[in-house]
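Output the structure for:
(2 chains)
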Amino acid sequence: QVQLQQSGPRVVKPSQTLSLTCAISGDSVSSQRAAWTWLRQSPSRGLEWLGRTYLRSKWYHDYAVSLKSRITIDPDTSKNQFSLQLHSVTPDDTAVYYCARKEGQKEGFDVWGQGTLVTVSS
Amino acid sequence: DIQMTQSPSSLAASVGDRVTMTCRASQDIDDSVAWYQQKPGEVPKFLLYKAFRLETGVPSRFSGGASGTEYTLTISSLQPEDFATYYCQQYYSMPPTFGQGTKLEVK
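Numbering: from 1, shown residues only, chains lettered A, B, ... in the order given. Now for the predicted structure:
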């Protein structure tokens, strides 16, 4: 079955870059049916969609408008994974971060990574 | 962005009860709603999509309903493992947005 395994630092200093990776098994980051997504969850914001990358005729990237100047989501086809970079973080970016898959016509996220609590603190 | 408003925010029930929770969209979303279950410290679990369609492996006691911009999740006979927080999510327009959750607690 499809599994997503997240990795990355759990503590990031303010103004620095949060970087997480999501390794995919049982599917391909180059799948023409999937969209590879990052979300986060915090008590103050609830569940929040951050952005996605997906391959159709070319690679596409969509980002939350509120984060568009600070976020990058990139595929790595050689390692079958995708990554999240969030620049210039503040304590307000402290949250549990999830990677997830949206597959085909299912209008929802059917597979999730295990979640990573990232704390922004000096 | 489309707002998804869930009610109630919490609900107390007993094993064997039939429970229904509601999610109202701020505009028409053409049944493009999904439901998730999340237990404390766990990852959200995908339950239903397109308002009515059960994800593979989800028990048939879970069902979805729709009327206009109001969507419901019903559990026909509560089991002990069903006590959790439930979230709705729309995928009709970008960005996908979630409700704030309904916490299902033991009465």
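
Show me what the closest residue to residue A:18 other than its chain neighbours bridges to in the sheet.
Excluding the flanking residues, the one nearest residue A:18 by Cβ to Cβ, 6 or more residues apart in numbering or on different chains is residue A:86, at 4.2 Å. Every residue, glycine included, has its C-beta placed from N, CA and C. Residue A:86 has these beta-bridge partners by DSSP bridges: residue A:18, residue A:71.

Relative to residue A:19, how far out is residue A:86?
Residue A:86 is 8 Å from residue A:19, where distance means Cβ to Cβ, to the nearest Å.

Show me which of the two is the more surrounded one.
Using other Cβ atoms under 10 Å in any protein chain shown as the criterion, residue A:86 and residue A:19 rank with residue A:86 on top: 24 against 16.

Pull the contacting residues for that one.
For residue A:86, the contact set (Cβ atoms under 8 Å, 6 or more residues apart in numbering or on different chains) comprises A:17-18, A:50, A:67, A:70-71, A:93.

Give the buried subset of the residues you listed as a PyMOL selection command.
Provided next is the PyMOL selection string for whichever of those are buried by 16 or more other Cβ atoms under 10 Å in any protein chain shown:
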select buried, chain A and resi 18+50+67+70+71+93
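
Could I get the contacts of residue A:86 in a markdown table, plus columns for pLDDT?
Shown next, in a markdown table, are the contacts of residue A:86 (pLDDT from 0 to 100):
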| residue | pLDDT |
| --- | --- |
| A:17 | 98 |
| A:18 | 98 |
| A:50 | 98 |
| A:67 | 95 |
| A:70 | 97 |
| A:71 | 98 |
| A:93 | 98 |
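
Mind telling me the two of the contacts of residue A:86 farthest from one another?
Greatest spacing in the contacts of residue A:86, by Cβ to Cβ: A:17 and A:50 (14.2 Å).

So what's the residue count around the closest residue to chain A within chain B?
Going by Cβ to the nearest Cβ, chain A is nearest to residue B:34 of chain B, at 3.0 Å. When neighbours are defined as other Cβ under 10 Å, residue B:34 has 28 of them.

dump the residue contacts of it.
Counting by Cβ under 8 Å, 6+ apart, residue B:34 touches A:106-109, B:46-50, B:88-91.

And it, how close does it get to residue A:101?
For residue B:34, the distance to residue A:101 - Cβ to Cβ - is 13 Å.
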